[in-house]
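# The amino acid sequence is not available; the structure is as follows:
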(Lines give C-alpha, C1' and ligand atoms only; values in the text may rest on other atoms or scores of the structure.)
Protein backbone atom coordinates (compact mmCIF):
# COMPACT_ATOMS: atom_id res chain seq x y z
CA UNK A 1 0.00 0.00 0.00
CA UNK A 2 2.71 2.50 0.99
CA UNK A 3 4.66 1.70 -2.17
CA UNK A 4 1.68 2.46 -4.38
CA UNK A 5 0.97 5.75 -2.60
CA UNK A 6 4.60 6.79 -2.94
CA UNK A 7 4.51 5.96 -6.64
CA UNK A 8 1.45 8.17 -7.05
CA UNK A 9 3.31 11.04 -5.40
CA UNK A 10 6.40 10.36 -7.51
CA UNK A 11 4.25 10.52 -10.62
CA UNK A 12 3.02 13.93 -9.46
CA UNK A 13 6.54 15.27 -9.16
CA UNK A 14 7.20 14.03 -12.69
CA UNK A 15 4.07 15.64 -14.09
CA UNK A 16 4.80 19.02 -12.56
CA UNK A 17 8.05 19.18 -14.51
CA UNK A 18 6.42 18.56 -17.87
CA UNK A 19 4.65 21.80 -18.72
CA UNK A 20 1.34 21.47 -16.94
CA UNK A 21 1.19 25.23 -16.39
CA UNK A 22 -0.99 25.96 -19.40
CA UNK A 23 -3.35 23.86 -21.47
CA UNK A 24 -5.04 25.23 -24.57
CA UNK A 25 -7.22 23.91 -27.36
CA UNK A 26 -5.39 21.62 -29.76
CA UNK A 27 -4.10 23.38 -32.84
CA UNK A 28 -5.58 20.77 -35.16
CA UNK A 29 -9.10 21.61 -33.96
CA UNK A 30 -10.20 18.03 -33.24
CA UNK A 31 -10.84 18.37 -29.52
CA UNK A 32 -8.88 19.73 -26.56
CA UNK A 33 -6.71 16.60 -26.29
CA UNK A 34 -6.38 15.68 -29.97
CA UNK A 35 -2.82 15.47 -31.17
CA UNK A 36 -1.35 15.91 -27.69
CA UNK A 37 1.63 13.65 -26.98
CA UNK A 38 3.70 13.87 -23.82
CA UNK A 39 7.41 14.38 -24.25
CA UNK A 40 9.09 12.76 -21.28
CA UNK A 41 12.33 10.79 -21.51
CA UNK A 42 11.82 7.19 -20.43
CA UNK A 43 13.89 4.07 -20.26
CA UNK A 44 13.20 1.42 -22.85
CA UNK A 45 10.19 -0.72 -21.95
CA UNK A 46 8.28 -3.62 -23.45
CA UNK A 47 5.44 -2.27 -25.60
CA UNK A 48 2.73 -4.47 -27.09
CA UNK A 49 -0.78 -3.96 -28.44
CA UNK A 50 -3.58 -5.49 -26.40
CA UNK A 51 -7.33 -5.44 -27.11
CA UNK A 52 -10.20 -5.64 -24.64
CA UNK A 53 -13.48 -7.10 -25.90
CA UNK A 54 -16.55 -5.56 -24.31
CA UNK A 55 -20.19 -5.71 -25.50
CA UNK A 56 -19.38 -5.52 -29.20
CA UNK A 57 -16.53 -3.07 -28.65
CA UNK A 58 -12.88 -3.63 -29.47
CA UNK A 59 -10.88 -1.43 -27.12
CA UNK A 60 -7.39 -0.80 -28.49
CA UNK A 61 -4.46 -0.05 -26.25
CA UNK A 62 -0.81 -0.66 -25.43
CA UNK A 63 0.60 -2.59 -22.49
CA UNK A 64 3.92 -1.34 -21.11
CA UNK A 65 6.15 -3.31 -18.78
CA UNK A 66 9.74 -2.97 -17.65
CA UNK A 67 12.30 -5.06 -19.51
CA UNK A 68 13.05 -6.97 -16.32
CA UNK A 69 9.69 -7.12 -14.59
CA UNK A 70 8.39 -9.42 -11.85
CA UNK A 71 5.98 -12.23 -12.63
CA UNK A 72 3.09 -10.26 -11.17
CA UNK A 73 2.75 -6.47 -11.32
CA UNK A 74 0.35 -3.85 -9.95
CA UNK A 75 -1.88 -2.30 -12.61
CA UNK A 76 -1.86 1.30 -13.86
CA UNK A 77 -4.56 2.37 -16.33
CA UNK A 78 -4.00 5.62 -18.23
CA UNK A 79 -6.99 7.48 -19.74
CA UNK A 80 -6.77 10.29 -22.31
CA UNK A 81 -8.88 13.42 -22.70
CA UNK A 82 -11.58 14.35 -25.21
CA UNK A 83 -10.36 13.74 -28.76
CA UNK A 84 -7.02 12.29 -27.65
CA UNK A 85 -5.69 8.75 -27.89
CA UNK A 86 -3.40 6.35 -26.05
CA UNK A 87 -0.34 8.39 -27.01
CA UNK A 88 -1.48 11.50 -25.12
CA UNK A 89 -0.14 10.22 -21.79
CA UNK A 90 2.00 7.39 -23.13
CA UNK A 91 5.21 8.64 -21.55
CA UNK A 92 3.62 8.54 -18.11
CA UNK A 93 2.55 4.94 -18.77
CA UNK A 94 6.14 4.09 -19.69
CA UNK A 95 7.45 5.73 -16.53
CA UNK A 96 5.00 3.74 -14.46
CA UNK A 97 6.18 0.58 -16.23
CA UNK A 98 9.72 1.41 -15.16
CA UNK A 99 8.44 1.71 -11.59
CA UNK A 100 7.20 -1.88 -11.75
CA UNK A 101 3.64 -1.48 -12.99
CA UNK A 102 1.90 -3.15 -15.86
CA UNK A 103 0.65 0.07 -17.45
CA UNK A 104 -2.12 0.16 -20.04
CA UNK A 105 -2.91 3.22 -22.16
CA UNK A 106 -5.88 2.93 -24.51
CA UNK A 107 -8.22 4.71 -26.93
CA UNK A 108 -11.72 5.40 -25.64
CA UNK A 109 -14.30 4.09 -28.16
CA UNK A 110 -16.06 7.16 -29.54
CA UNK A 111 -13.88 9.53 -27.55
CA UNK A 112 -10.78 9.64 -29.74
CA UNK A 113 -10.44 11.64 -32.94
CA UNK A 114 -8.03 9.20 -34.58
CA UNK A 115 -8.21 6.24 -32.22
CA UNK A 116 -8.31 2.58 -33.16
CA UNK A 117 -11.01 1.38 -30.76
CA UNK A 118 -14.38 0.52 -32.29
CA UNK A 119 -17.95 -0.14 -31.22
CA UNK A 120 -19.06 3.33 -30.06
CA UNK A 121 -19.67 6.26 -32.38
CA UNK A 122 -18.49 9.76 -31.48
CA UNK A 123 -22.12 10.83 -31.27
CA UNK A 124 -22.87 8.02 -28.77
CA UNK A 125 -19.96 8.72 -26.43
CA UNK A 126 -20.42 10.24 -22.97
CA UNK A 127 -18.56 10.17 -19.67
CA UNK A 128 -20.87 7.28 -18.75
CA UNK A 129 -19.87 5.16 -21.77
CA UNK A 130 -16.24 5.98 -20.97
CA UNK A 131 -16.73 4.98 -17.34
CA UNK A 132 -18.12 1.65 -18.52
CA UNK A 133 -15.18 1.18 -20.88
CA UNK A 134 -12.63 2.01 -18.18
CA UNK A 135 -14.29 -0.46 -15.83
CA UNK A 136 -14.20 -3.14 -18.56
CA UNK A 137 -10.49 -2.47 -19.10
CA UNK A 138 -9.85 -2.70 -15.35
CA UNK A 139 -11.66 -6.03 -15.05
CA UNK A 140 -9.89 -7.48 -18.10
CA UNK A 141 -6.47 -6.50 -16.75
CA UNK A 142 -7.30 -7.99 -13.36
CA UNK A 143 -7.88 -11.37 -15.02
CA UNK A 144 -4.38 -11.51 -16.49
CA UNK A 145 -1.90 -13.97 -14.98
CA UNK A 146 0.81 -11.31 -14.72
CA UNK A 147 -1.09 -8.74 -12.64
CA UNK A 148 -1.77 -8.16 -8.97
CA UNK A 149 -5.53 -7.88 -9.30
CA UNK A 150 -6.11 -6.03 -6.04
CA UNK A 151 -3.59 -3.25 -6.75
CA UNK A 152 -4.93 -0.81 -9.35
CA UNK A 153 -3.87 2.78 -10.01
CA UNK A 154 -6.02 5.00 -12.24
CA UNK A 155 -4.34 7.88 -14.09
CA UNK A 156 -6.27 10.31 -16.29
CA UNK A 157 -5.92 13.63 -18.06
CA UNK A 158 -8.65 16.21 -18.73
CA UNK A 159 -11.91 14.32 -19.45
CA UNK A 160 -10.01 11.09 -18.81
CA UNK A 161 -9.26 12.43 -15.35
CA UNK A 162 -12.94 12.99 -14.64
CA UNK A 163 -13.81 9.52 -15.96
CA UNK A 164 -11.09 7.99 -13.77
CA UNK A 165 -12.43 9.84 -10.72
CA UNK A 166 -16.01 8.81 -11.52
CA UNK A 167 -14.97 5.18 -11.92
CA UNK A 168 -13.04 5.20 -8.64
CA UNK A 169 -15.99 6.82 -6.85
CA UNK A 170 -18.57 4.34 -8.15
CA UNK A 171 -16.37 1.23 -8.23
CA UNK A 172 -13.64 1.68 -5.61
CA UNK A 173 -12.88 -2.01 -5.22
CA UNK A 174 -9.14 -2.72 -5.65
CA UNK A 175 -8.33 0.88 -6.64
CA UNK A 176 -5.40 1.93 -4.46
CA UNK A 177 -4.71 5.37 -5.90
CA UNK A 178 -5.91 8.05 -8.29
CA UNK A 179 -3.72 10.54 -10.21
CA UNK A 180 -5.52 13.29 -12.13
CA UNK A 181 -3.89 15.73 -14.54
CA UNK A 182 -5.78 18.96 -15.36
CA UNK A 183 -9.06 17.04 -14.78
CA UNK A 184 -12.13 18.50 -16.50
CA UNK A 185 -14.15 19.03 -13.34
CA UNK A 186 -15.83 22.01 -15.02
CA UNK A 187 -17.63 19.68 -17.44
CA UNK A 188 -21.06 19.74 -15.77
CA UNK A 189 -20.94 23.48 -15.05
CA UNK A 190 -20.07 24.21 -18.68
CA UNK A 191 -22.89 21.98 -19.96
CA UNK A 192 -25.46 23.55 -17.65
CA UNK A 193 -24.34 27.05 -18.62
CA UNK A 194 -24.94 26.10 -22.24
CA UNK A 195 -28.26 24.25 -21.91
CA UNK A 196 -30.92 24.55 -19.21
CA UNK A 197 -32.71 21.35 -20.27
CA UNK A 198 -32.01 18.30 -22.41
CA UNK A 199 -34.72 19.43 -24.86
CA UNK A 200 -32.42 22.27 -25.92
CA UNK A 201 -29.52 19.97 -26.82
CA UNK A 202 -29.02 19.50 -30.59
CA UNK A 203 -28.43 16.07 -32.12
CA UNK A 204 -24.77 16.95 -32.68
CA UNK A 205 -22.53 19.69 -31.36
CA UNK A 206 -19.00 20.82 -32.20
CA UNK A 207 -17.26 20.79 -28.82
CA UNK A 208 -13.90 22.51 -29.28
CA UNK A 209 -13.51 20.87 -32.67
CA UNK A 210 -14.76 17.41 -31.64
CA UNK A 211 -18.28 16.41 -32.69
CA UNK A 212 -20.38 14.95 -29.89
CA UNK A 213 -24.00 13.83 -29.84
CA UNK A 214 -26.86 14.72 -27.54
CA UNK A 215 -26.05 11.65 -25.43
CA UNK A 216 -22.90 13.43 -24.30
CA UNK A 217 -25.03 15.97 -22.40
CA UNK A 218 -27.71 13.61 -21.07
CA UNK A 219 -26.11 13.05 -17.66
CA UNK A 220 -24.10 16.27 -17.48
CA UNK A 221 -27.24 18.38 -17.06
CA UNK A 222 -28.33 16.51 -13.93
CA UNK A 223 -25.16 16.25 -11.84
CA UNK A 224 -22.38 18.19 -10.18
CA UNK A 225 -19.28 16.24 -11.17
CA UNK A 226 -17.23 17.84 -8.37
CA UNK A 227 -19.51 15.96 -5.95
CA UNK A 228 -20.44 12.84 -7.93
CA UNK A 229 -16.86 11.98 -8.89
CA UNK A 230 -15.17 12.80 -5.58
CA UNK A 231 -16.51 10.01 -3.37
CA UNK A 232 -13.38 7.87 -3.63
CA UNK A 233 -11.75 7.66 -0.19
CA UNK A 234 -8.26 6.51 -1.18
CA UNK A 235 -5.21 8.69 -1.97
CA UNK A 236 -5.76 11.20 -4.77
CA UNK A 237 -3.20 13.40 -6.50
CA UNK A 238 -4.39 16.33 -8.65
CA UNK A 239 -1.97 18.24 -10.90
CA UNK A 240 -3.43 21.37 -12.51
CA UNK A 241 -1.77 24.51 -13.89
CA UNK A 242 -3.11 27.88 -12.78
CA UNK A 243 -3.08 29.26 -16.36
CA UNK A 244 -5.35 26.57 -17.81
CA UNK A 245 -7.63 28.39 -20.27
CA UNK A 246 -10.06 25.48 -20.74
CA UNK A 247 -10.66 24.26 -17.19
CA UNK A 248 -10.09 26.90 -14.50
CA UNK A 249 -8.06 25.55 -11.59
CA UNK A 250 -10.84 26.47 -9.14
CA UNK A 251 -12.71 23.32 -10.16
CA UNK A 252 -9.77 21.12 -9.22
CA UNK A 253 -9.48 22.97 -5.92
CA UNK A 254 -13.14 22.31 -5.26
CA UNK A 255 -12.70 18.63 -6.13
CA UNK A 256 -9.62 18.39 -3.91
CA UNK A 257 -11.67 19.79 -1.04
CA UNK A 258 -14.43 17.22 -1.62
CA UNK A 259 -12.13 14.19 -1.83
CA UNK A 260 -11.39 12.67 1.57
CA UNK A 261 -7.67 12.20 0.89
CA UNK A 262 -6.47 14.52 -1.90
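Structure's in. What do you need? Keep in mind that what you see is a predicted model, and the values were worked out from it rather than measured. Numbers count the residues shown, from 1 in each chain.

# what about the closest residue to residue 144 other than its chain neighbours, distance to residue 146?
For residue 144, ignoring the flanking residues on the chain, the nearest one in space by Cβ to Cβ, 6 or more residues apart in numbering is residue 102 at 7.5 Å. All C-beta atoms are positioned from the backbone trio N, CA, C, and that covers glycine. Computed as Cβ to Cβ, to the nearest Å, the residue 102 to residue 146 distance reads 6 Å.

# still on that earlier bit, I figured the residue nearest to residue 144 was touching residue 62, is that so?
No: at 11.2 Å, residue 102 does not count as touching residue 62 under the criterion of Cβ atoms under 8 Å.

# More neighbours: which of the two?
residue 102 (25 against 20; other Cβ atoms under 10 Å).

# quick one, longest helix in the protein?
The helix that spans the most residues within the chain, counting by DSSP state H, is helix 127-142.

# Contacts for that helix next, please.
For helix 127-142, the external contacting residues (Cβ atoms under 8 Å, 6 or more residues apart in numbering) are 52-55, 57, 59, 61, 75, 77, 79, 102, 104, 106, 108-111, 120, 147, 149, 152, 154, 159-160, 162-164, 166-167, 170-171, 174, 187, 215, 218-220, 225.

# can we see that at 7 Å?
Residues from elsewhere that reach helix 127-142, judged by Cβ atoms under 7 Å, 6 or more residues apart in numbering: 52, 54, 59, 75, 77, 79, 104, 106, 108-111, 120, 147, 149, 152, 159, 162-164, 166-167, 171, 174, 219.

# Now do that helix: distance to the chain's middle.
The chain centroid and the centroid of helix 127-142 are separated by 11 Å under Cα atoms, centre = their mean, to the nearest Å.
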